[in-house]
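**Student:** just to be clear, the model below is a prediction. Sequence and coordinates:
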Amino acid sequence: MAGAVLPDPRKNRNVGLMAAGAALAMLGLGYASVPLYRLFCQVTGYGGTTQRADSEKLAGVKVAARMIRVRFDANTAPGMPWMFKPQQVTQDLRIGERKIATFEARNLSGRPITGTAIFNVSPEQAGKYFNKIQCFCFTEQKLMPGQDVRMPVIYYVDPAILDDPGASNIEEITLSYTFHETTEGAAQAGNSAANKPLASLTEKPLDRAQARR
């Protein structure tokens, strides 16, 4: 009878290391995809990404008579321990008129968290006409444990939308944000959890009656 072939422990160890490496790589790509996707959308206008207005562009904006409604939506990524919501559901404004909307955020965790917001508008055709002058989404936002902040957005809708046959009939635009924890903050939180000592296991004391037996 042929002898049984024993598994090579070195192969098992290599397979385990490869699996662990793949898992870490996928995690890293998941966090890296947030800023990469954000950059791609801002450059191409894909997915209804809004525009950032500069002083030169603002100088030529004229307010039209036509009204439009903007609806606000706020979300957090899975695992992001923040409360995040708009302080107004909708705003009505003239096309070309500047408006200020405010969002509220609160850190519900017991550690400092730095977040970054991905933003877009719908319908997608309105993305290139929705301009932000000032926005919390332009920079990272760091909140201490329990900290509550109000974050303004100054925006307008470019009157050029009225000359676009594919967008001129839009009556309502939804501005949506999703906050993600930054890669650095998530990595620090992971390291903190990994370095935390395991709780010591204690034996249950014997009952005195059982100890006498």
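**Tutor:** Nice, I can see it.

**Student:** thought T174 was touching R71?
**Tutor:** Yes - T174 is within contact range of R71, at 4.5 Å (criterion: CB atoms under 8 Å). Where C-beta positions appear, they are placed from N, C-alpha and C, glycine not excepted.

**Student:** return the helix or strand in this protein with minimum mean pLDDT.
**Tutor:** For the chain, counting by mean pLDDT, DSSP states H and E, helix 208-212 ranks last in confidence among helices and strands (a mean of 49).

**Student:** what's near enough to touch the nearest residue to V157 once chain neighbours are set aside?
**Tutor:** In space, and not counting its chain neighbours, V157 is closest to I95: 4.9 Å by CB to CB, 6 or more residues apart in numbering. Residues in contact with I95 (CB atoms under 8 Å, 6 or more residues apart in numbering) are V63, A64, R66, M67, I68, V157, D158, P159, I161, L162.

**Student:** mind doing that once more with 10 Å?
**Tutor:** Shown in contact with I95 (CB atoms under 10 Å, 6 or more residues apart in numbering): 61-68, 129, 156-162, 168, 170.

**Student:** now restrict these to buried residues only.
**Tutor:** Using 16 or more other CB atoms under 10 Å as the burial test, these include V61, A64, I68, Y129, Y156, V157, D158, P159, I161, L162, I170 as buried.

**Student:** for the protein, which segments count as helices?
**Tutor:** 9-44, 55-59, 183-195, 208-212 (DSSP state H).

**Student:** contact partners of the second one?
**Tutor:** What it means is helix 55-59. Helix 55-59 has contacts (CB under 10 Å, 6+ apart) with Q51, R98, N131, I133, Y156, D158.
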